[in-house]
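Enquirer: Pasting a predicted model and its sequence here:
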Amino acid sequence: MDLAQLTRNLEALRARAVGAAAAAPDTAALDALEVGVLGKKGDLTAILRGIGALPAEDRPKVGAIANEVRTAVEAALHEARSGLGGAELAARLATEALDVTTPGRPIRRGSLHPIIETAREIAEVFAQFGFVVYEGPEIEDDRTNFQMLNIPPDHPARDLWDTLYLDVEGLLLRTHTSPGQIRVMHEERPPIRALLPGRCFRYEAVDASHASEFFQVEGLMVDEGTSMADLKGLLDQFAHAMFGAHRPTRFRPGYYPFTEPSVAFDILCVICDGEKCPACSRTGWMTILGAGMVHPVVLRYGGIDPERYQGFAFGMGVERIANLRHQVADLRLYMEDDLRFLGAFR
Ligand SMILES: [Zn+2]
């Protein structure tokens, strides 16, 4: 092979490599081209192998041309890489971009717990009659939970409340919302219209109808001339709002140490309408709350003069009210946080 032939081959290689670089579809093709042309076993090396057959004076000429070819091919590869790199980046951005128009994963909407919802409904009914919501502490002292409610130590009525005592002397988990009456009387002057919703605790063996924690709503009204007739009228309004405008109601005698007289407030059975069924223990009536005129001893403990003011109080279990409306057979369901159960109230 002579100088002219080698030179033509080198020029042909340059033309082919530069053309291929410009036409390469992607950077991977450029990498392959670089190895194929400029690599140790590439076309350029192969052509230069013929250099040994040339006369000594021709060899530098071929070397110079080979360097030009290498430089030209490297330049072409570099230029092609810049162009393709930008295009590939653009393509990646196009395919991997975050599509903000894609619909999101649906988030399950929560709802109020049926007990909380019922407590709020109860509060809304009494709010129409001017009752304002107050909250007392869940940890109470024996004095406020019992003694100031006319239940001194060793009083047999303490057996009505199986109490959870704390290790701290004199403190307990409130057994009812009634101590809130004392707290409100200490905070406010008559006329008082207070509603006290809250969680209560008792030392109970838990079964379908007994829970160791439950919700009560307590009501207290104190004013001059407050009477049983006011109490009956208010509770009738409440029963009609919750259980229907024509639901018959009645008072029965009851007993609480902190009210005198005390009553149980019944509505005609919502299951059998008075026909007598197992749900109403075949009486035709269902007790929905306890109430009465605030005992003068309790008013005095509240710093209120019983000669001038009278008051009435009532207290109800929120689970009981919720059950009468939703017919839930097992109280424990309310505390188990089972979404299948809770979702049924939405
Ligand atoms: Zn019944």
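Expert: Looks like it arrived, so ask away.
Enquirer: For the ion, give me its nearest residue in the stretch 1-150 of the chain.
Expert: residue 118 (20.6 Å; Cβ to the ion). For glycine as for every other residue, the C-beta is placed from the backbone atoms N, C-alpha and C.
Enquirer: List the residues that contact that residue.
Expert: Residues in contact with residue 118 (Cβ atoms under 8 Å, 6 or more residues apart in numbering) are 318, 321-322, 325.
Enquirer: what about residue 247, is that helix, strand or coil?
Expert: coil (DSSP: H, G, I helix; E, B strand; the rest coil).
Enquirer: what are the ranges of the strands in this structure?
Expert: For the chain, applying DSSP state E gives strands covering 132-133, 139-141, 171-173, 192-201, 213-223, 249-254, 259-268, 285-294, 310-317.
Enquirer: can I get those strands in JSON lines with distance to residue 65?
Expert: Listed next are the strands of the chain as JSON lines, based on distance: least, Cβ to Cβ, whole Å:
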{"stretch": "strand 132-133", "distance to residue 65": "98"}
{"stretch": "strand 139-141", "distance to residue 65": "98"}
{"stretch": "strand 171-173", "distance to residue 65": "99"}
{"stretch": "strand 192-201", "distance to residue 65": "95"}
{"stretch": "strand 213-223", "distance to residue 65": "96"}
{"stretch": "strand 249-254", "distance to residue 65": "114"}
{"stretch": "strand 259-268", "distance to residue 65": "110"}
{"stretch": "strand 285-294", "distance to residue 65": "108"}
{"stretch": "strand 310-317", "distance to residue 65": "103"}
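Enquirer: Mind putting these into a markdown table with mean pLDDT?
Expert: As requested, the strands of the chain are exported to a markdown table (pLDDT from 0 to 100):
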| stretch | mean pLDDT |
| --- | --- |
| strand 132-133 | 95 |
| strand 139-141 | 95 |
| strand 171-173 | 93 |
| strand 192-201 | 95 |
| strand 213-223 | 94 |
| strand 249-254 | 96 |
| strand 259-268 | 96 |
| strand 285-294 | 95 |
| strand 310-317 | 96 |
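Enquirer: Of all those strands, which one is nearest the ion?
Expert: strand 285-294 (7.0 Å).
Enquirer: So that closest one, near the ion or not?
Expert: No - for a cut-off given as Cβ under 5 Å from the ion, strand 285-294 has no contacts with the ion; the smallest distance is 7.0 Å.
Enquirer: and the residue nearest to residue 322 when sequence neighbours are not counted, what pLDDT?
Expert: Excluding its sequence neighbours, the residue lying closest to residue 322 (Cβ to Cβ, 6 or more residues apart in numbering) is residue 118, at 4.2 Å. Looking at residue 118, its pLDDT is 92.
Enquirer: Likewise for residue 161?
Expert: Looking at residue 161, the pLDDT reads 76.
Enquirer: List the contacts of the spatially closest residue to it that is not a sequence neighbour.
Expert: Leaving aside its chain neighbours, residue 161 sits nearest to residue 175 (3.9 Å; criterion: Cβ to Cβ, 6+ apart). Listed by Cβ under 8 Å, 6+ apart, the contact set of residue 175 reads 145, 161-164, 200-202.
Enquirer: thinking again about what came up before, in a markdown table: the strands of the chain, plus mean neighbour count.
Expert: Output for the strands of the chain, formatted as a markdown table (neighbours: other Cβ atoms under 10 Å):
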| stretch | mean neighbour count |
| --- | --- |
| strand 132-133 | 14 |
| strand 139-141 | 19 |
| strand 171-173 | 18 |
| strand 192-201 | 22 |
| strand 213-223 | 23 |
| strand 249-254 | 14 |
| strand 259-268 | 20 |
| strand 285-294 | 21 |
| strand 310-317 | 24 |
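Enquirer: quick one, domains of the chain?
Expert: If you go by automatic domain parsing, the domain ranges for the chain are 3-96, 114-345.
Enquirer: just those: most buried one?
Expert: domain 114-345 (a mean of 17; mean count of other Cβ atoms under 10 Å).
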